[in-house]
Every structure is written in C-alpha cells, then in structure tokens.
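> take a look and give me a structure for this.
(chains A, B and C)
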Amino acid sequence: MDRRVSAAARTPFPANWTARVLWTALALYVLYACGILDVSWDRFVRGLDNGGRFLRRMFPPDLSAQKLDLLRVGMLESMQIAVLSTAAGIVLSLPLGLLAARNLMPGWVSWTARGAIALCRSFHPVITAILFVKAVGFGALAGVLALIVASMGFISKLFAEAIEEMSLRQVEAVRATGAGFFNVLVMGVFPQVIARFIGFCVYQLDSNLRNSTMVGIVGGGGIGATLFTAYQRFDYDFVLTILLAIIAVIMVAEVVSAQLRKAFQ
Amino acid sequence: MRRWRRFTPAQRIGRALTYVLAAVAVVWSLRTIEVIPEFLYDAPEQTADLFRRMWPIDWAFWGAMVAEALVETFHTATLGTIIALVLSVPVALLAARNVTPSATLNLLAKFILVSSRSVNSLIWALLFVAIFGPGALAGTLAIAFRSIGFVGKLLAEALEEMPRGPLEALVAAGAPRPSILLKGYWPQVEPSFWSVALFRWDINIRESAVLGLVGAGGIGVALDTALNNLYWDQVGLCLLVIFAVVVATEIATSAIRSRII
Amino acid sequence: MSAALAIRNLRKEYRAGVPVLRDVSLEVGGTGMTAIIGPSGTGKSTLIRCINRLVDPTAGEILFGGQDLARLKGRALRKARRRIGMVFQEYNLVERLSVIENLLCGRLGYVPVWRAWLRRFPPQDVARAFDLLDAVGLGDFATRRADALSGGQRQRVGIARAIMQDPELVLADEPTSSLDPKTSVEIMELLARLARERGIPVVVNIHNVELAKRFAERIVGMSLGAIVFDGAPSELRESDLLAIYGGEGWIDA
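Predicted structure coming up:
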C-alpha cells in the first residue's frame, strides 16, 4: 500500500472518547455539586470579607503568660495521649496482626481478625472518642482509648499484609530445624517484617499526634479542648497561638519521624 | 577474629537511645495522665448501657435527616478533593527542587504544605464555620485546605524522584519551560497523581462524615443532633450509615485502582 | 567550506584544579560524521554536552551559527538549542507518550505552548513526523506507547526526534552503548544515512572503535581531556590507539 496515499488518513492523536467523556462528566459534576452545596461566588466573596475580619481578630497571637500556661498543659496532654495510644496500640497490634495473616492462621481465625481490624478502621477517631467519652467519661482516657482503636486498625492491617508478603521459605527453613511455633515466629517471621513494622509504628505515632490535637473537641482531652473553649469564647488570638503551636510541634514530629524511619531501615 | 555486626556503633547507640526515650515517654505519660477512677469503674456499665440504648436502631431517622445529609457528605468530600487537587499542583511545583530551583520558594511552599497537614480537618472546619457560617461550604473548604498538604507533599516527592533523562532531552531540544512541564513532567507523574487523588478521596469521605459535628454540614450534623438529644438509637443509625459508606468507598476505590492503575 | 561548529580552548573543571577538558579546540565541518573515541572518563561525554550547554563549560568558546553558545542564557540559549538535535544513550523518550508524540516533541522549541498542550501541532510538522517515522522503519508504530518498543526501536525514535528539529547539527552521546552489536550497526547506519541525506553534520561520542571507523568520515581521539588524534579512519594506526587507550591511568586523580 502506498504510504503517501494513506498518510493523509493518519491522525497522530486518535480521539480518546473515554477520557473526553470522563473529563466532561467531571466538569458537569463540579457545577452540579457547587449548586447543591450553595457554593456561590456571592457567598464566597462575602466570606472573604468575613475572613479578612476574622484574620484581623486573630492577629497578633495571644502570648500572655496565663494563656501560654494553658497552652503548655494542653499540648503536653496531647503528647501524652499520642505516646500512650501508640504504645498500647503497638502492643495490641502485634497479636492482632499475626492473627489476621492468612498464611499463618486458619481461615476462620484470620477472617475474624480482619473483620475486627476493618471495624477499627471504619470510624474516624472523633466518633470513637465520642463513644469512649460516654463509656469512661470526659478526659484524656477517652482520647487515648479512641486512638488505640485507630492505631490498631492501621498497624495490624499493614503488619498482616507484611506477613502475607514475606517469603515462606525462611519460615520453612526454621520449621525444618524442628523449632516450635514460637521459635518459628521469632526466628523466621520477625526478622523479615520488623523493619517495616517499625516504619508503621513511627507513622502511626505521627498520625496519633495529629489526631490527639482534636479529640479534645468532643471531650477527649488534650489541646483540642483548649482550642474549642477559646473558639467558643471568640478568643481568636489565642486560637491562633494554639494553631501555631500545633503546626510547630507537628513539623518537629515529622522531621523526627523521618529520621527514625531512616535509622531503622 | 573478625566480627560481623549489622549496625555501626553509632547506629546501635542511636537505636538504643530511641528505645530508652520511648520507654521514658511512656512511663512519664502514664504517671502524669489524669484518670478519674470512678469513671473507669463505671465504664463497663456505661458501655453496656450505650449498646442497649442504641438498639433497636431508629430507621425513621434515615428519611428525616440522614439520607439528605449523606448526599451532602459525599459532595463535600468530592468537591473538596477536587478543589484540593487543583490548588495543590502549583504548590507542589514550587516545592519540588528540580522544578523550582529557588530555595526560598521551596521553603515557602513546603511551609504551606506542612501547615495544611498539621491542622486537622475538624479544626479547619471550625475556622471556616466562623468565616462562612455553618453549612457545607465550610466543610468543603475544610476538606480542601486539609488535603492540599497531603496531595502536595506526595506530588512534590513524585516530581523530585522523576527520571531526569526525558526531561534532559526536551531541554536539549530547546523546549520552553511550560512545554517541558506539560510534555515531560506531567506524563511521568500522571499515574501517581491519580493514585494520590483516589487515596485522598477515600480518606476525605471519612473525614467529611464528622465535620458536621462542628456545624460544617453532612452526616455529622445528623449525628450531632442525635447526640445532643441523647437519642442513641438515632446515633446508632448514623454510625451504621457511616460504616456502610466507608465500606462502599473502599470497594469502589479498590475497583477503580485495579482497573486503571 | 566554513565550519558549522568551532570549539576554541574549551575547559571544564568539575572540581577546581581538576580539569576534565583541557583547552580542547575542534572544528566540525558542514557535513559528515565525526566520531569521538576514547576510554571512559576522558571527557568525551562532557565535550558533547558542553556544546548544547547541558553542561556549562568553565572557560572557552563554542561558536555555532554566528553565536558563542558558551555565553548564551535564557531565551537565546533555548533558541540556539533548537538548532542542535541530540541522541542519548538511554534514548530519553517520554515513555508514557506515543511514538508520534515523542517525535513531535522535537518541535516543542518552535511550537507555542497552547498548541503543545492541546496537541494541535502544525499540519506540516505532523506530516514530516509521519514521513520520518517511515524513514526509520517504524511507520506502523505511530500511536504505540514509547515504552512498548524495544531498545533499538526506541533509539530510532530518538534519532527521528532529533531530526524533527530540522537541526544544523546532531550530537549523539553514546547512542549504541545500550544496544546489542547487531542493533548498534543498524542504528549507526541509520544515523549516518539520515544525516547524509539531509546534509547535517553529526558528532558522535562512541566507545566502539570499529563502528567509528566504519561509519565516520573523521575520527577524533581523546585521552585525559585532550585531543590526541584527529584524522580519517584510514589514518588510525596501532600507535594512535595506544596513545588514546593505553598508557598510565585514565584520569588525573
């Protein structure tokens, strides 16, 4: 076939109808959703005006001694919540993750464990915090328990997946030496997954620190409670102080956790 | 005799130190945390009471408030994610060292991203409710502003880790910077972009569900109403619905992931 | 015949006091293939990359088209680069784009950004792209994704992309080092032929002396950052090869 004749018929970019349809659908959706949510330009402009006023009320941040003291107490409590919930979460996630590993456990055990993990992950920590507040009362304990649940949902899941992805040969080799179940675990399973496990734990500590700043809004203790009180009293300059403190603490935590993860590779 | 050690002495000290610090932190936290014993003893009774009151579930609440609120939650999450995706692209471009050589701009962009991530979406919601009034607009913006940090960080990392060869070829051909971004960077980063977008959308559905607790619209408002009235059977319905939505979203995202990525 | 490219006293030091290129001077004529040979680390790649400023020289002049490329910046540099095509060892195609789009990327220096974005390239560019694709034997591969191609096929696309720029000079930085011997011959043959047909001079940086002798009209041998041989392939003798490849050490520590 003469290429010159067919050259005219050759298009460099054949029309990708799927992509076009999807992009159009997306654009239409955005317009539709904006309408439903009453996201109008008018409201937005009025809001910017409000926003300006709001920002002016926040500046400069309140740095008086008594407020800083409140801040200190609240931040410390948040950090305690984060540390405790991560520690307890790790301890509880080890067995839960092991139970959920399909290559180590019989079917009914692993499926029950996986169901439990899914349940832990489904609810936002705020919601579990509300439930724990009802169960154990206001204060840091409710926050700790809520974040333990969240930690278990995360760490156990990834831990189980890491176990499932590991090489069985190493386990078999240890088993072939006649080692009992526990020894197989320690010598065959753990060395392969421990590095990743520590990575998950560090990540979860970081995450719990973030979440500990807001469980207080529903009564779970920590700086969130301080923030919410200030907010409701229109103490916006103190709100800004608290926000800046949270940002600073989390920035430091991110750097530290990055270093930790590198150190434990 | 030559000994093999897995870690250098410096690393071993570092690791040992970390363990020690972790133990100290835990012990200190345990000692200083306030736990009111009476509440603790009461806990099993309270929990049992809680579950008793949740059953039977108040299905009527669905029609009254929950269904509509659910739709609002979905739109808040989706629209918020879309806004975040659009806004995070320029910030990610500024934060990536190979795209923007200026260290000052890098730092500024990274600061924006960290701040966005550090402030919880619930707290963003508080701020936006104060500015725009209660409702879904506040919720959408809260989701958007929180997600910029997440998406922006992962995008910036993907941009920095990109293979430089094809970019070098476009530079050598004399292509202008915008064209290099479009034809060199974008095609290579596109799979990561959609993966991160899907990932964040999944998380945002969960987050949107609770924003209503502070007045930012969605199913959280229904939950808040039920909690304030102490109608635990209605609370039970809300929780059930939230659970169902989370499961549905996970199924949807896994399906999309396996088909496209 | 005036030189298409004149390099004068080019010097490059990655670390102060450790020159990789020592006052290299070279003139490249209007047509034909010039092969630069030498062991790894003698600065062959650095020399090639200095020409289109992928590497910035420490001192010296690079005269091309009436301008000193070593002095150019910004838009002027961009415009000058358009006139120099480059072929890379690792092909450097944008893998997720189609073959034809990779070719058209060669025209990005000439095409406004909006056209590139909307993929509305000028029809004459598109027609040339298809013709070039046929010329390199990949006519049926136009809409295939670049990562679906083999190494040899990708290098053909790379060569076609360089030619798409309608350049006054083509540089090739070890174009065959990632290819098997048979494909290497095919690629060198393709490069030599296309360049000859269009009257474009080619400067190739290559390890394989046999390939260099077979396809190049002129051989430049480098050792320790300086040119130690410059002549026709027939003039290349054992002693010259020894001067280039043998001797004490490859790089000054």
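> gap between C:A195 and C:V28?
Per C-beta to C-beta, to the nearest Å, C:A195 is found 12 Å from C:V28. (Glycine included, C-beta is placed from N, CA and C.)
> could you do A:G115 as well?
For A:G115, the distance to C:V28 - C-beta to C-beta - is 72 Å.
> higher neighbour count, the two?
Higher neighbour count among A:G115 and C:V28: C:V28, with 21 against 11, using other C-beta atoms under 10 Å in any protein chain shown.
> near chain B, which residues of the stretch 151-253 of chain C?
The stretch 151-253 of chain C comes close to chain B at residues C:G158, C:R161, C:A162, C:Q165, as judged by C-beta under 8 Å from any C-beta of the partner chain.
> what's the burial count for residue 184?
I went with chain A, as the question did not name one. Neighbour count for A:V184, taken as other C-beta under 10 Å: 19.
> oops, wrong one, chain B.
For B:G184, the tally of surrounding residues (other C-beta under 10 Å) stands at 26.
> quick check, it in contact with B:L167.
Yes: with contact defined as C-beta atoms under 8 Å, B:G184 reaches B:L167; the gap is 4.6 Å.
> quick check: closest non-adjacent residue to C:G38.
Nearest residue to C:G38, sequence neighbours excluded (C-beta to C-beta, 6 or more residues apart in numbering or on different chains): C:M222, at 3.9 Å.
> pretty sure the one you found contacts C:I36?
Yes: between C:M222 and C:I36 there is a contact under C-beta under 8 Å: 6.1 Å.
> shared neighbours, the two?
Counting by C-beta atoms under 8 Å, 6 or more residues apart in numbering or on different chains, the contacts common to C:M222 and C:I36 are C:K44, C:L47.
> identify the contacts common to C:A195 and C:V28.
Joint contacts of C:A195 and C:V28 (C-beta under 8 Å, 6+ apart) are C:P201.
> quick check, central residue of the chain?
Since no chain was named, I'll use chain A. Nearest residue to the geometric centre of chain A (C-alpha atoms, centre = their mean): A:S207, 4.9 Å.
> wait, chain B was what I had in mind.
When chain B is reduced to its mean C-alpha position, the nearest residue by C-alpha atoms, centre = their mean turns out to be B:I203, at 5.3 Å.
> how much space between that residue and B:A84?
Per C-beta to C-beta, B:I203 is found 11 Å from B:A84.
> joint contacts of the two?
With C-beta under 8 Å, 6+ apart as the test, B:I203 and B:A84 both reach B:F150.
> tell me which residues of stretch C:20-35 are tucked away?
Within stretch C:20-35, the residues that count as buried by 16 or more other C-beta atoms under 10 Å in any protein chain shown are C:V20, C:L21, C:R22, C:V24, C:L26, C:V28, C:G32, C:M33, C:T34, C:A35.
> now render those as JSON lines, adding distance to chain B and secondary structure.
Shown next, in JSON lines, are those (distance: C-beta to the nearest C-beta, whole Å; DSSP: H, G, I helix; E, B strand; the rest coil):
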{"residue": "C:V20", "distance to chain B": "19", "secondary structure": "strand"}
{"residue": "C:L21", "distance to chain B": "19", "secondary structure": "strand"}
{"residue": "C:R22", "distance to chain B": "25", "secondary structure": "strand"}
{"residue": "C:V24", "distance to chain B": "20", "secondary structure": "strand"}
{"residue": "C:L26", "distance to chain B": "19", "secondary structure": "strand"}
{"residue": "C:V28", "distance to chain B": "17", "secondary structure": "strand"}
{"residue": "C:G32", "distance to chain B": "22", "secondary structure": "coil"}
{"residue": "C:M33", "distance to chain B": "19", "secondary structure": "strand"}
{"residue": "C:T34", "distance to chain B": "18", "secondary structure": "strand"}
{"residue": "C:A35", "distance to chain B": "20", "secondary structure": "strand"}
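> closest one of these to chain A?
When the buried residues of stretch C:20-35 are ranked by distance to chain A (C-beta to the nearest C-beta), C:M33 comes first, at 27.6 Å.
> surely the closest one touches C:L190?
No: with contact defined as C-beta under 8 Å, C:M33 does not count as touching C:L190 (11.8 Å).
> and residue 127, how many neighbours?
Just going to use chain A. Look at A:I127: counted by other C-beta under 10 Å, it has 23 neighbours.
> other chain: chain C
Neighbour count for C:A127, taken as other C-beta under 10 Å: 14.
> name the element it belongs to?
Using DSSP states H and E, C:A127 falls within helix C:123-135.
> dump the C-alpha coordinates for that helix into CSV.
Extracted as CSV, the C-alpha positions of helix C:123-135 are listed here (Å, rounded to 0.1, in the frame of the first residue of the first chain):
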residue,chain,number,x,y,z
PRO,C,123,0.0,20.0,9.9
GLN,C,124,3.3,20.3,8.1
ASP,C,125,5.1,19.1,11.3
VAL,C,126,2.7,16.2,11.6
ALA,C,127,3.2,15.2,8.0
ARG,C,128,7.0,15.4,8.5
ALA,C,129,6.7,13.3,11.6
PHE,C,130,5.0,10.6,9.7
ASP,C,131,7.5,10.7,6.9
LEU,C,132,10.4,10.5,9.4
LEU,C,133,8.7,7.6,11.1
ASP,C,134,8.5,5.8,7.8
ALA,C,135,12.2,6.7,7.1
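> can that helix be said to contact chain A?
Yes: Helix C:123-135 comes into contact with chain A (C-beta under 8 Å from any C-beta), by way of C:V126, C:A127, C:A129, C:F130, C:D131, C:D134.
> ok, and the closest non-adjacent residue to the residue nearest to the centre of chain A?
A:F154 (7.3 Å).
> same check, this time on B:G139
Leaving out its chain neighbours, the residue that sits closest to B:G139 by C-beta to C-beta, 6+ apart is B:A216, at 3.5 Å.
> need the pLDDT of the residue in the stretch 51-200 of chain A positioned nearest to chain B.
Chain B sits closest to A:G137 of the stretch 51-200 of chain A, with a gap of 3.4 Å, by C-beta to the nearest C-beta. We have a pLDDT of 84 for A:G137.
> what's the answer for C:N9, then?
For C:N9, the pLDDT comes out at 92.
> for it, helix, strand, or coil?
strand (DSSP: H, G, I helix; E, B strand; the rest coil).
> need the contact list for it.
Counted by C-beta under 8 Å, 6+ apart, C:N9 has contacts C:D23, C:V24, C:S25, C:A59, C:G60, C:E61.
> same thing but at 7 Å, please
Neighbouring residues of C:N9 by C-beta atoms under 7 Å, 6 or more residues apart in numbering or on different chains: C:D23, C:S25, C:A59, C:G60, C:E61.
> grab the nearest non-local neighbour of the residue of chain B found nearest chain A.
Scanning chain B for the residue nearest chain A gives B:F39, at 3.4 Å (criterion: C-beta to the nearest C-beta). Excluding its sequence neighbours, the residue lying closest to B:F39 (C-beta to C-beta, 6+ apart) is A:G137, at 3.4 Å.
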